[in-house]
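Student: Build me a model from this:
(one chain, ligands or ions: 1)
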Amino acid sequence: MSKKIILSGIQPSGNLCIGNYLGALKQWENLQNEYESIFLVVDLHALTIDQIPSELRNRCLSFVAQYVACGINPDKSKIVMQSHVSSHTELMWVLNCFTYMGELNRMTQFKDKSKNTKNINAGLYTYPVLMASDILLYQADLVPVGADQKQHLELARDIAIRFNNKYSETFKVPEPYISKNGSRIMSLQNPESKMSKSDKNLNNIISLLDDPKTIKKKINKSVTDSGSEIIYDEIKKPGLSNLISIYHSLSLEPINTIEEKYVGKLYSDFKNDLSDLIIELLNPINSEYQKIMDDKNYLFDILKEGSDYARYKSNKTLSKVYRKVGLVKNK
Ligand code: AQP
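Tutor: Model prediction:
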């Protein structure tokens, strides 16, 4: 029996951070052993935000290297640059015609992002349709995402069901895979908002490429709450609870074991240990990353293999869709 397919992606729109690691990359690393895996760098999605072209170009390659350094193994998984496979945007147009404005108006990520930018472009608005196309093209069974992306995945499912009902079975209806661990890591300075890689305030995030000194500094400066007890309470102690959550995701120690361990200890003791845990995770990722970035041929080979596979696989779906909606095939 053929393996089930998982697909996920990250947009190269800032510095990959431990939110992305715990909510996405760490899950991918585990899942790739069990599933046929496709991991995208969704560079077209990144255009919804103002970009400096030379920086975007470097970041796209840097993301591929960071995927591999975080354990995504190109022998097990396909790593694909979204813009290398034109079927993504082709299918998106068709799906646009099956998506209602009312659905897009309800997307909370659009509402949040458009609050913080003057550049409210149509791409930002139709972003979830491109994401639906990314997923449905490959007939993905399972989509690992952080909790923040669940609404987008539900829209992809609704579009797939709508299309299938109208034209007969065409798309696999994908299921979300949301890990309980690390599915929503919050900002270090503002624990009411999620940690986001494109946050301009770098003190809000731990980037995967931060050095140990910077990590210590950011964790020491992170917002904690009044009181001195180290206990998990999202309402009364959102800042501390976020740090405990990160500790828990990295050490895999249950939350109550962590609380017991720090009875009678200071916030600063806890923060020191948390910094050490993060440094222990990121040190090997950093050295692996440097090695990979020094071998650009290796990076381009990974992308070539990914796009060859992705073109073949996605074209099958796209041809089926074009035929079903009534478009004439080119001879
Ligand atoms: N704070 C988070 N905690 C857990 N998981 C997270 N993810 C993002 N932030 C957290 C997961 O990482 C993947 C990134 O997907 P994306 O780049 O397409 O979109 P995003 O959700 O908009 O991510 P960011 O980091 O907030 O990026 P920017 O700042 O560029 O918009 C997804 O699986 C997401 O769930």
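
Student: The residue nearest to Lys3 when sequence neighbours are not counted: neighbouring residues, count only.
Tutor: Distances taken as C-beta to C-beta, 6 or more residues apart in numbering put Glu36 closest to Lys3, at 4.4 Å, once the chain neighbours are dropped. Every residue, glycine included, has its C-beta placed from N, CA and C. For Glu36, the count of nearby residues is 19 (other C-beta atoms under 10 Å).

Student: Check the one 5 residues further on too.
Tutor: Neighbour count of Val41, defined by other C-beta under 10 Å: 27.

Student: Surely it and Phe63 touch.
Tutor: Yes - applying C-beta atoms under 8 Å, one finds Val41 in contact with Phe63, separated by 4.8 Å.

Student: Mutual contacts of these two, please.
Tutor: Jointly contacting Val41 and Phe63 under the rule C-beta atoms under 8 Å, 6 or more residues apart in numbering are 10, 12.

Student: per-residue confidence for whichever residue of the chain sits closest to the ligand?
Tutor: Nearest residue of the chain to the ligand: Gly23, at 1.8 Å (C-beta to the nearest ligand atom). Looking at Gly23, its pLDDT is 88.

Student: for the closest residue to it other than its chain neighbours, what are its contacts?
Tutor: Spatial nearest neighbour of Gly23, excluding adjacent residues (C-beta to C-beta, 6+ apart): Gly146 at 3.2 Å. Neighbouring residues of Gly146 by C-beta under 8 Å, 6+ apart: 19, 23-24, 178, 182-184.

Student: Strands of the stretch 101-250 of the chain, start to end?
Tutor: Secondary structure of the stretch 101-250 of the chain by DSSP state E, counting those that start in this stretch: the strands cover 142-144, 175-177.

Student: which residues touch the residue nearest to Lys3?
Tutor: Counting by C-beta under 8 Å, 6+ apart, Glu36 makes contact with 2-6.

Student: Just give me the least confident of those residues.
Tutor: For these, the weakest pLDDT value sits at Ser2, with 84.

Student: Whichever helix in the chain runs longest packs against which elements?
Tutor: Secondary structure of the chain per DSSP state H: the longest helix is helix 296-325. Helix 296-325 sits against strand 36-41, helix 53-69, strand 77-81, helix 87-96, helix 122-137, helix 150-167, helix 267-293, with contacts defined as 3 or more C-beta pairs under 8 Å, 6 or more residues apart in numbering; DSSP states H and E.

Student: now those as a markdown table including mean pLDDT and distance to Ser307?
Tutor: Formatted as a markdown table, the helices and strands packed on helix 296-325 follow (pLDDT from 0 to 100; distance: least, C-beta to C-beta, whole Å):
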| stretch | mean pLDDT | distance to Ser307 |
| --- | --- | --- |
| strand 36-41 | 98 | 11 |
| helix 53-69 | 97 | 12 |
| strand 77-81 | 98 | 6 |
| helix 87-96 | 98 | 11 |
| helix 122-137 | 97 | 13 |
| helix 150-167 | 97 | 22 |
| helix 267-293 | 97 | 18 |
